[in-house]
Structure formats: C-alpha cells, structure tokens
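S.K.: please work out how this folds:
(one chain, ligands or ions: 1)
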Amino acid sequence: MSVTSVVGLQWGDEAKGKIVDFLTDSHAVVVRYQGGNNAGHTVKFDGQTYKLSLLPTGILRPGVTAVIGNGLVVNPEALLNEMKSLTDRGIRVDGRNLLLSDRAHVIFPYHIVEDRVFEQRRGDHAIGTTGRGIGTCYRDKAGRTHAVRVGDLYHPESLRDKLKDIVAFKNLTLKALDPSLEPLNADAIYAQYQTYAQKLESHVVDTTAWLHKALKQKQNILFEGAQGGLLDVDHGTFPYVTSSNSSAAGIHSGSGVPQRAINRMIGVVKAYTTRVGGGPFPTELHNEIGQHIRDVGHEYGTVTGRPRRCGWFDAVATAYGARVCGVDEIAVMLLDVLAQLDELNICEAYEIRGERTTDFPSHVEDLEVAKPIFRKIPGWKQDITGARKLSDLPAGARRYVDTIVELLEVPAKFISIGPDREQTILL
Ligand code: IMP
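M.R.: Modelled structure (predicted):
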C-alpha cells in the first residue's frame, strides 16, 4: 500500500501539480488538506491544460476519488464554478469522485471584504494575500464564535440565526474600518448559501471517516500540499505566510489521517526560487537575470496573475523546508528554465549581522538582513527539454542538481525539464 505526500519546500508554485498528476495513476485517492482557492496548479492532461485551484489534481483522472479535507477553507461559489469548468470540458465530477468534508470551513463574502480592508490598512507591510478571504476565514475558525463549517449549511434554522449574529458583527467592525462600505445583508447571504448547499450536498461527507475506511481497505492515497513549507503559518516566514499549515505538518490536522500512515514523503523544489506577495527573500534578483527567469519560466501567478519575484536557489531556506516536512526524496522542477545562463548561484549559507550560518532564522527581521553566500556553478548553454535520462543532461546541469542534493541532504528522484509528462527524468 502506498500512502504518499507531495509537498512544496519553498514559497509555493514549485510545480507540485505535475508530480501529483504523475503519481495519480498509482493512487486511488488524492486528498487536499489545507488552504483554499488561493492555490493554483496548472496541469497538462491528455494534451490539454487545466488550471485548478480548490479541486485536488486527481479529479482529472477517471477512477480517482478527489477529497477536500477538513483543513480547507472553501468558497462554495468558487468550488461550483471550478466544478462546472471541468464538466463543461467533459470531465466527470459527481458525488462519487469528489468528496467535501463536512468539517471544512466556509468562506463568506465578508471574509473577502475583510481580507481587502485588513491588507489596505497594513499599507507597506501588506502580506500580499491572494484576496480570497483565506486568512480571514481561518481567523474565524480559530476564533470559533463566527465560524461556519460545511456541515452547518445543512442545519438551516441554526445557520440562519448564526449568520444574523455574524453579519451584524462584521458590519459593525467593517464600518468602523471603512465607513464607505455598504452593509452586508444576512438574509441574502443565507439564501445564496442555501442554494450552494443544495448543489454541493451529494459531495458532503465525513471525509475523515471515509479516509480511515480507505486506509483499512489498503487503498493507495496521495496527499497533495498547496503553497509550500516556507508559507506555513507556524514554520514559515511569519507573518508573510498563508494561514494554514502548508508544510507536511498540515496533513494530520487537515485530513484526520495520522502522519505515521504515510510511507513516502516527496518534497518538490523549483530549481530556482520564486515568491508571490510580500516578505523577505534573501536570494531575490532585481536585475535582468531575474526578469529572464520570470520570462522563460512564465513566472506569473496562476490565481492572481501577479508577476512572481524570482531569485537564485536558496539551499538554506529549502533545506529547512525539507527538515520541517521530513521528506525522503525530492523532485527538482523547471531545471530547463536555467539553460542559457553563463553562471548560476546556489545560496549555501547566510551572513546575518557578520555571522555565517546555515540555520534558517525564525524571526522575519533576521531574515530581512540575511545576505546570501553563494556557491557558483558554471551554466550550460544547451536546451535540455529533450533529455530523458540523467546522462542526456550536460555536465553543468548534473552538477547543479548534485549540489542541491548535497546541500539538502535528500536524494533527487525526479528531475523535470518541461511541462509535459514525458519531460521527466526518473532517478
Ligand atoms: P493568502 O493565502 O491569500 O492569505 O496569502 C498569503 C501569502 O501566501 C501571500 O504572500 C500569497 O501570495 C501567498 N500564497 C497563497 N497561495 C499561494 C500559492 O498557491 N502559491 C504561492 N503563494 C501563495
């Protein structure tokens, strides 16, 4: 039995979707356990490109059950739209192949308004959120008093009362923060969400109990992480993080499946580094090399379209991500993007206030002043997108991957040299 986890070790967008899609053939169940429609995966399947946000990648494959676990925050409108965009293209999405946890939390319109207002008030210190109401919904989850879970949508009487109370409170606080805002209407929201509830009802189950049965039946299960280890609310570059445990730490809490059930932990790393939104980024390139990587790697956000910040591979940050996630192997993605550069840099240590360290700092102000210490590696000038085995790669590319492996102390099992499935070297 294979119970596998695929998790990003950087600041998200490591091209996890490709690895998840690659492994889906050998797994019957694909589970998302955290985040919401802030995530974006682009997956090529049957010659077509799909952009998924809330739906687990497994939804594209016949015979796979896709599970939206309890740890997610779900915008029902976004979920229904995404489901429709797939059914319009002939992909089956029904109550048998898509399950939604009754414990997942529900995003409401006020979460999205709050996300915008809170970000505006932070001014220069804005987190740079995706504006989807993710953090504000998790805030209510932790606060409990104003939270609504998917299961609550099916208790209409108590939901109506609850929403009246919540919306009155939200109107009060939002008005104080921005007097120009129109108040939200609890009855209208209630009516709208009853419609969503009806449309989603056939998918809603206790996914924890369902997953425990799947484990007992020895089904192969794949856990699909969204974002990456360095955006984890506990272990990432706080406060410039997302609001969930986007490292492997979230698997247990966000699915109910104990960590010890997992027997293969795969960390996905991009051959360079990107970041969207605010926060420190020691190896960021503010020059033409950064722009070159952005152009060649199409580094623009799947969800918001924002240009991603680009920089050299940061082995200090990524090795920390690998340790927190406890990965046994890595997949090195987008190596092809680095062809044509004369010389490459990999950050092997930081200098923080005159001290050399390979420890990843826990405080954002230490990371802000960290100066990267680079190991230089000669570039290669060949196009490598046609490589199919390690020996097809030029010596420079092999040395580059070997350096990542050495610094992360984790073996590489996949090297990706293009978006298609065949553009993958298995080691
Ligand atoms: P939020 O998740 O919308 O609250 O955004 C918090 C931070 O996480 C911001 O810096 C976002 O850009 C970042 N973020 C959220 N989702 C993703 C993702 O899927 N990829 C990369 N960054 C993300």
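
S.K.: only C-alpha atoms from now on, for both contacts and neighbour counts.
M.R.: Will do.

S.K.: check contacts around residue 415.
M.R.: 331-333, 335, 424-427 (Cα atoms under 8 Å, 6 or more residues apart in numbering).

S.K.: which two in those are spaced the farthest apart?
M.R.: Taking every pair in the contacts of residue 415 and measuring Cα to Cα, the maximum separation is 14.8 Å, between 335 and 427.

S.K.: which one's more surrounded, the two?
M.R.: Taking other Cα atoms under 10 Å, residue 335 and residue 427 do not tie; residue 335 has more neighbours (20 against 11).

S.K.: which stretch of helix or strand covers the residue of the chain positioned farthest from its centre?
M.R.: Most distant from the centre of the chain: residue 157, at 35.2 Å, with distances by Cα atoms, centre = their mean. Following DSSP states H and E, one finds residue 157 within helix 156-177.

S.K.: what is that helix packed up against?
M.R.: For helix 156-177, the contact count by 3 or more Cα pairs under 8 Å, 6 or more residues apart in numbering; DSSP states H and E identifies helix 109-122, helix 186-200 as packing neighbours.

S.K.: dump these to a markdown table, plus mean pLDDT.
M.R.: Formatted as a markdown table, the helices and strands packed on helix 156-177 follow (pLDDT from 0 to 100):
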| stretch | mean pLDDT |
| --- | --- |
| helix 109-122 | 96 |
| helix 186-200 | 98 |
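
S.K.: highest mean neighbour count out of these?
M.R.: Mean neighbours per residue, mean count of other Cα atoms under 10 Å, is largest over the helices and strands packed on helix 156-177 for helix 109-122, with a mean of 17.

S.K.: which strands and helices sit next to the following helix or strand past that one?
M.R.: With elements assigned by DSSP H and E, the helix or strand that comes after helix 109-122 is helix 134-143. With contacts taken as 3+ Cα pairs under 8 Å, 6+ apart, helix 134-143 sits against strand 73-74, strand 105-106, helix 109-122.

S.K.: out of those, which comes closest to residue 34?
M.R.: So among those, strand 73-74 is nearest, using Cα to Cα, at 7.4 Å.

S.K.: run the chain-centre distance for that closest one.
M.R.: From the chain centre to the centre of strand 73-74 is a distance of 14 Å (Cα atoms, centre = their mean, to the nearest Å).

S.K.: what do you get for stretch 398-415?
M.R.: That offset, for stretch 398-415, works out to 22 Å (Cα atoms, centre = their mean).

S.K.: give me every residue in this structure lying close to the ligand.
M.R.: Residues of the chain lying close to the ligand (Cα under 6 Å from any ligand atom) are 11-13, 38-40, 127-132, 134-135, 226-227, 240-243, 276-278.

S.K.: at 5 Å instead, please
M.R.: For the chain, the residues in contact with the ligand (Cα under 5 Å from any ligand atom) are 12-13, 38-39, 128-130, 135, 227, 241-242, 276-277.

S.K.: and stretch 230-242, which residues are buried?
M.R.: The neighbour-count check on stretch 230-242 (16 or more other Cα atoms under 10 Å) flags 230-242 as buried.

S.K.: residue in the stretch 251-400 of the chain nearest to the ligand?
M.R.: residue 277 (3.8 Å; Cα to the nearest ligand atom).

S.K.: rewinding a little: name the residues that touch the helix holding residue 157?
M.R.: 110, 114, 117, 146, 152-153, 181, 183-187, 190, 194.

S.K.: export those to a markdown table and tack on distance to residue 324?
M.R.: Formatted as a markdown table, the contacts of helix 156-177 follow (distance: Cα to Cα, whole Å):
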| residue | distance to residue 324 |
| --- | --- |
| 110 | 34 |
| 114 | 31 |
| 117 | 33 |
| 146 | 32 |
| 152 | 34 |
| 153 | 36 |
| 181 | 42 |
| 183 | 43 |
| 184 | 41 |
| 185 | 43 |
| 186 | 42 |
| 187 | 45 |
| 190 | 41 |
| 194 | 40 |
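
S.K.: show me where the stretch 301-427 of the chain has strands.
M.R.: Listed in chain order, the strands of the stretch 301-427 of the chain (DSSP state E, counting those that start in this stretch) span 309-311, 313-314, 329-333, 343-352, 355-357, 371-378, 412-416, 424-426.

S.K.: packing partners of the longest one?
M.R.: Meaning strand 343-352. Contact here means 3+ Cα pairs under 8 Å, 6+ apart; on that basis strand 343-352 packs against strand 313-314, helix 315-325, strand 355-357, strand 371-378.

S.K.: surely residue 137 meets residue 105?
M.R.: Yes. Counting by Cα atoms under 8 Å, residue 137 touches residue 105, with 7.4 Å between them.

S.K.: who has more neighbours, these two?
M.R.: In terms of neighbours (other Cα under 10 Å), residue 137 is the more surrounded of residue 137 and residue 105; the figures are 28 against 25.

S.K.: what sits against the more buried one?
M.R.: Residues counted as contacts of residue 137 (Cα under 8 Å, 6+ apart) are 73, 105-108, 111, 147.

S.K.: how about the residues you listed, which pair is most distant?
M.R.: 105 and 111 (11.7 Å).

S.K.: out of everything not next to it in sequence, what's closest to residue 33?
M.R.: Using Cα to Cα, 6 or more residues apart in numbering and skipping residues adjacent in sequence, the residue nearest residue 33 is residue 254, 4.5 Å away.

S.K.: let me know how buried residue 49 is, in neighbour terms.
M.R.: 10.

S.K.: please apply the same query to residue 138.
M.R.: Applying other Cα under 10 Å, we find 23 residues neighbouring residue 138.

S.K.: next one, pLDDT for it please.
M.R.: At residue 138, the pLDDT value in this model is 98.

S.K.: ok, now how distant is it from residue 234?
M.R.: Separation of residue 138 from residue 234 (Cα to Cα, to the nearest Å): 13 Å.

S.K.: same check on residue 365?
M.R.: Counting by Cα to Cα - residue 365 and residue 234 are separated by 16 Å.

S.K.: returning to that earlier point: can you add pLDDT, distance to residue 88 and secondary structure and give the buried residues of stretch 230-242 back as TSV?
M.R.: Below are the buried residues of stretch 230-242 laid out as TSV (pLDDT from 0 to 100; distance: Cα to Cα, whole Å; DSSP: H, G, I helix; E, B strand; the rest coil):
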residue	pLDDT	distance to residue 88	secondary structure
230	98	36	helix
231	97	33	helix
232	98	34	coil
233	98	36	coil
234	98	39	coil
235	98	39	coil
236	98	38	coil
237	98	39	coil
238	97	40	coil
239	96	39	coil
240	96	37	coil
241	97	34	coil
242	96	31	coil
